[in-house]
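> just the structure for this:
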Amino acid sequence: MDLDNFKRIANDNCRTQIEIENMMRNALNKKKPEFADIALEALNKKYPGWDDQSTRRGGSKPTTANFMDDKRSFPSGKSAYIWMVEKFINKFPELFSEINWETIFVSKGVKRLYFARSPEKVFFSSPHLAKDTNNFTRLKNGWYVNLNLSNDQKFKILCRIAAVKKFKFDLDWSWSVLA
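Numbering: from 1, shown residues only. Below you'll find the model as predicted:
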């Protein structure tokens, strides 16, 4: 294929962003940088910001968390969630020492727990998940926290803790809220 034909195809209005990205990737794999440059130019023209990592799905999402006067930025929602849970534990240690209906409200999901004294207890209905350390971490108080959750689920759990303790917090992983 010649450069003019490639340019015509790359700039065709029917081409999707993914198709043009694939064209660019294929050109690079075939060691044809002049073709890759044409595809890159088409991407930048038709899809400005196409390579902005914050707009892509999947992977880690940079997150900012506020706890009282302490504001921190994290490379992922997971690390912000762990930090926020630790902050709540420091502020309200009784959540994990005085087991009652409030603790159950905060810690129990339908098929797994959000907090427990062992990974096996966290994933009581899915024991295979307890074998993967990406699914949980040990907190400073010795309990384990379930990390095999969406950011929405993590946020709801933090809201539950805040509701039980009538506490306000702020967490921003693409949106901002007060509980």
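> the residue nearest to residue 21 when sequence neighbours are not counted - how many residues pack around it?
Leaving aside its sequence neighbours, residue 21 sits nearest to residue 43 (C-beta to C-beta, 6 or more residues apart in numbering; 6.7 Å). C-betas here are computed from N, CA, C, even on glycine. By other C-beta atoms under 10 Å, the residues close to residue 43 number 19.
> for the one 5 residues further on, same thing?
If you count neighbours by other C-beta under 10 Å, residue 48 ends up with 9.
> and residue 84, by the same measure?
Here the count is done by other C-beta under 10 Å, and residue 84 has 26 residues near it.
> make sure it is indeed in a helix.
Yes: counting by DSSP: H, G, I helix; E, B strand; the rest coil, residue 84 is located in a helix.
> that one reaches residue 157, doesn't it?
No: Residue 84 is beyond contact range of residue 157, at 9.6 Å (criterion: C-beta atoms under 8 Å).
> buried stuff in the helix or strand containing the residue nearest to residue 21?
Residue 43 is part of helix 33-46 when elements are defined by DSSP states H and E. For helix 33-46, the neighbour count (16 or more other C-beta atoms under 10 Å) marks 35, 36, 38, 39, 40, 42, 43, 46 as buried.
> for it, name the packing helices and strands.
Applying 3 or more C-beta pairs under 8 Å, 6 or more residues apart in numbering; DSSP states H and E, one finds that helix 33-46 makes contact with helix 3-10, helix 17-29.
> which ones are touching the residue nearest to residue 21?
Counting by C-beta atoms under 8 Å, 6 or more residues apart in numbering, residue 43 makes contact with 17, 20, 21, 24, 50, 51.
> for the nearest residue to the first one once chain neighbours are set aside, grab phi and psi.
Translated: residue 17. What sits nearest to residue 17 in space, not counting adjacent residues and going by C-beta to C-beta, 6+ apart, is residue 47, at 4.7 Å. Per-residue torsions, residue 47: phi -130, psi 70 (degrees, to the nearest 10).
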